[in-house]
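S.K.: what follows is a predicted protein model with its sequence.
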Amino acid sequence: MLIGLIADTHIPRDAKALPPQVKDAFRSVDIILHAGDIYVSKVLDELEKIGVAIWTPRADHERAGIVFFRTPNHEALHARLKAAHIYCGTFLGGIRIDPNFYNTLEELDKFLAIVRSHVAENSK
């Protein structure tokens, strides 16, 4: 079995997609492993626009593939996310998610739309 390993692509922050050369390099591998955050930066950027209190370090070298943030009435947000089949953690008065290669952009957009709606409803 031939394994292809790629890391720290920082998609979509630094690029919308992998360069074609990467696809060519991995054409003959049996499995591709991605080690590193591919969606954390996108989620952090969007949560920042929404206006939640982000507790995740912004610098790549200071963080793992985890996003932790606080918002008013976080228990209700957690329940709403769970009802939408978005599974995350809640502790210390906040929400923790682990966006990674197994997530799709559609799933992340759905998550962000729910957070955006929750924040709008709870900031009145």
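M.R.: Arrived safely.
S.K.: in which helix or strand would I find the spatially most central residue of the chain?
M.R.: Using CA atoms, centre = their mean, the residue of the chain that lies closest to the mean C-alpha position is Pro99, 3.3 Å off. Counting by DSSP states H and E, Pro99 is held by no secondary-structure element, helix or strand.
S.K.: chain neighbours aside, what residue packs nearest to it?
M.R.: Counting by CB to CB, 6 or more residues apart in numbering, Pro99 lies nearest to Tyr39, which is 3.9 Å off, once chain neighbours are set aside. Every C-beta, even on glycine, is put in place using the N, C-alpha and C of the backbone.
S.K.: I'd guessed that neighbour sits against Ile97; true?
M.R.: No. Taking contact to mean CB atoms under 8 Å, the distance of 9.6 Å between Tyr39 and Ile97 leaves them out of contact.
S.K.: now for Val22: which residues touch it?
M.R.: Shown here is Val22, whose contacts under the criterion CB atoms under 8 Å, 6 or more residues apart in numbering are Ile6.
S.K.: so is it in a helix, a strand, or just coil?
M.R.: The three-state assignment at Val22 reads helix, by DSSP: H, G, I helix; E, B strand; the rest coil.
S.K.: state the distance from it to Gly4.
M.R.: Between Val22 and Gly4 the distance, using CB to CB, to the nearest Å, works out to 9 Å.
S.K.: coming back round to it: now the residue nearest to the centre of the chain: phi and psi?
M.R.: Taking degrees, to the nearest 10, you get phi -70, psi 130 for the backbone angles of Pro99.
S.K.: for it, give me its contacts.
M.R.: Residues in contact with Pro99 (CB under 8 Å, 6+ apart) are Asp37, Ile38, Tyr39, Val40, Lys42, Val43, Gly65, Val67, Leu108, Phe111.
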